[in-house]
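Student: Build me a model from this:
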Amino acid sequence: MAHDDSDQASARAAEIVALTRACEQIRAHERAGDITRAEGAQMLEQAHAQYDMHLRDVMPAVADGEARQRGIQLADLFWHWGSAYRITWDARTGFRAARRDNGAAVSTMTGADLFEEIRVDYTARPVPRTGGILP
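Tutor: Prediction:
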């Protein structure tokens with residue numbers, strides 16, 4: 001029985017790695033201008049659904065259009081980075097991530113750009129996933 005649990009955990013970990021890679025590729029295409037934000041949002045939602053890690057579980061309820069695209073981008077950022085960064089959006093500053101350990105923040109106008117900024121920041125200085133000054 002324990003062996004089965006271990007196999008399932010390993011399989012799920014492999015799926016998370018594959019999902020993360022797929023999302024990174026989608027964001028890279030968006031940053032390069034190969035796809036629009038709307039196409040990127042749709043592709044992110046489909047990638048999460050493919051691995052049964054649906055964004056609807058963390059996405060605010062929004063109808064359509066730009067607000068839905070933003071909601072998908074926010075949910076995806078939260079899914080990948082929410083335990084290390086406080087992820088927010090507002091019309092004035094765009095997408096924002098604040099490190100939970102020291103509060104240092106970065107803002108960008110797109111979710112794809114913010115994901116890249118977080119990735120670079122986290123690679124240089126990993127954020128502990130527990131504790132910190134921000135809830």
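Student: Can you give me every residue that contacts the residue sitting nearest the centre point of the chain?
Tutor: Nearest to the mean C-alpha position of the chain, by CA atoms, centre = their mean, lies Leu77 at 2.1 Å. Leu77 is in contact with 87, 95, 97, 111, 114-115, 118, counting by CB atoms under 8 Å, 6 or more residues apart in numbering. (Each C-beta comes from the backbone N, C-alpha and C, glycine too.)
Student: ok, now Arg119?
Tutor: Contacts of Arg119 by CB under 8 Å, 6+ apart are Glu24.
Student: In which helix or strand does it reside?
Tutor: Assessed by DSSP states H and E, Arg119 sits inside helix 111-124.
Student: I'd like the mean pLDDT over that helix, please.
Tutor: Across helix 111-124, the average pLDDT comes to 94.
Student: Need the contacts of Leu77 in JSON lines (columns: neighbour count and distance to Met43).
Tutor: Shown next, in JSON lines, are the contacts of Leu77 (neighbours: other CB atoms under 10 Å; distance: CB to CB, whole Å):
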{"residue": "Ile87", "neighbour count": "23", "distance to Met43": "19"}
{"residue": "Phe95", "neighbour count": "24", "distance to Met43": "18"}
{"residue": "Ala97", "neighbour count": "24", "distance to Met43": "21"}
{"residue": "Gly111", "neighbour count": "26", "distance to Met43": "12"}
{"residue": "Leu114", "neighbour count": "25", "distance to Met43": "17"}
{"residue": "Phe115", "neighbour count": "27", "distance to Met43": "13"}
{"residue": "Ile118", "neighbour count": "22", "distance to Met43": "19"}
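Student: Among those residues, which one lies nearest to Gln69?
Tutor: Relative to Gln69, the closest of the contacts of Leu77 is Gly111; by CB to CB it sits at 8.5 Å.
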